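J.: Sequence and predicted structure are below.
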Amino acid sequence: MNNYKLIIQYDGTNYAGWQTQAGSKTIQQTITEGIKTITGKNINLIGSGRTDAGVHALGQTANFKTEFDLDINKFKYSLNSVLPKDISIIEAQRVSEEFHARYDAISRKYLYLFIKHKSPFYEPFAYRYFYNLDSDYLNRLSKYLVGEKDFTSFARKSSEPEDKNCTIFNAHWSERKGFVFFYIEANRFLHGMVRTIIGTLMNAQKNNYDQKYIIDVLIAKNREAAAEAVPAKGLFLFKVKY
């Protein structure tokens with residue numbers, strides 16, 4: 001069997017997330033149908049992880065296996081031609097048969113974008129927050145999320161995995177002209193985890209809470225202890241590391 005790896009960008013605005021769901025339009029299903037249109041075969045498209053409804057990707061990774069010996073350049077061009085404008089295959093390559101987009105991933109990196117002013121260009125892909133975001137303050141609190149911890153409090157109540165332990169390698173805020181960025185890298189993420197982390201950190205700044213608030217939320221292992229999640233439109237799966 002031939003194994004093919006895809007690097008994918010998508011605007012998740014009009015999709016119910018990555019994973020195929022009955023009765024909903026998803027990224028995974030749309031690409032799977034596109035590949036079937038080209039090859040005439042059903043394939044199992046495996047993503048590095050599931051992005052939630054409305055979340056975007058700059059570097060989602062996926063793989064699929066087929067008996068076809070595909071001409072990579074022709075295949076990439078053909079697949080992009082049948083996919084909608086809000087999904088793009090930016091790289092396609094043949095990889096070893098053992099490669100698995102999900103299980104072989106070492107880490108996933110997410111980026112969240114804030115804008116300080118109204119913008120017709122960035123508004124659909126960023127959260128326009130009307131209050132000051134203090135990067136220094138937020139970075140001090142973010143340090144208490146780094147390491148292997150139980151993130152039950154930051155996951156949706158319906159999140160499936162029993163094991164809620166994740167290892168965050170890095171979480172930091174930065175600011176540039178008119179923009180605030182939040183970057184986070186971990187071995188894995190639970191459903192809704194990144195957006196809830198961001199909302200909780202912002203709530204801490206708004207109320208002038210110190211690190212004890214973050215620690216107490218983690219200890220609680222209860223979603224109600226954390227704050228409201230930020231909107232999905234500002235979140236991007238930035239890169240998957242192998």
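T.: Done, it's in. Numbering: from 1, shown residues only.

J.: Could you use CA atoms for every contact and neighbour count after this?
T.: OK.

J.: pLDDT weak spots in this protein?
T.: Scanning the chain for pLDDT under 70 picks out the ranges 158-161.

J.: where along it do the strands fall?
T.: Secondary structure of the chain (DSSP state E): strands located at 2-10, 46-47, 56-66, 87-95, 107-115, 127-128, 147-150, 165-176, 179-186, 235-241.

J.: helices and strands around the fourth one, which ones?
T.: Taking 3 or more CA pairs under 8 Å, 6 or more residues apart in numbering; DSSP states H and E as contact, the helices and strands that strand 87-95 lies on are strand 2-10, helix 72-82.

J.: From residue 100, how far off is residue 135?
T.: Separation of residue 135 from residue 100 (CA to CA, to the nearest Å) stands at 37 Å.

J.: ok, back up a step: redo the strands of the chain as CSV? Include distance to residue 26 and mean neighbour count.
T.: Formatted as CSV, the strands of the chain follow (distance: least, CA to CA, whole Å; neighbours: other CA atoms under 10 Å):
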stretch, distance to residue 26, mean neighbour count
strand 2-10, 11, 20
strand 46-47, 12, 22
strand 56-66, 12, 22
strand 87-95, 11, 17
strand 107-115, 19, 22
strand 127-128, 23, 21
strand 147-150, 29, 15
strand 165-176, 26, 17
strand 179-186, 24, 20
strand 235-241, 16, 22
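
J.: Spit out the contact partners of residue 107.
T.: 185, 186, 187, 188, 240, 241, 242 (CA atoms under 8 Å, 6 or more residues apart in numbering).

J.: Just give the closest residue to residue 42, not the sequence neighbours.
T.: residue 36 (5.6 Å; CA to CA, 6 or more residues apart in numbering).

J.: wait, doesn't the one you found sit right on residue 43?
T.: Yes: using CA atoms under 8 Å as the test, residue 36 is close enough to residue 43 to be in contact (7.3 Å).
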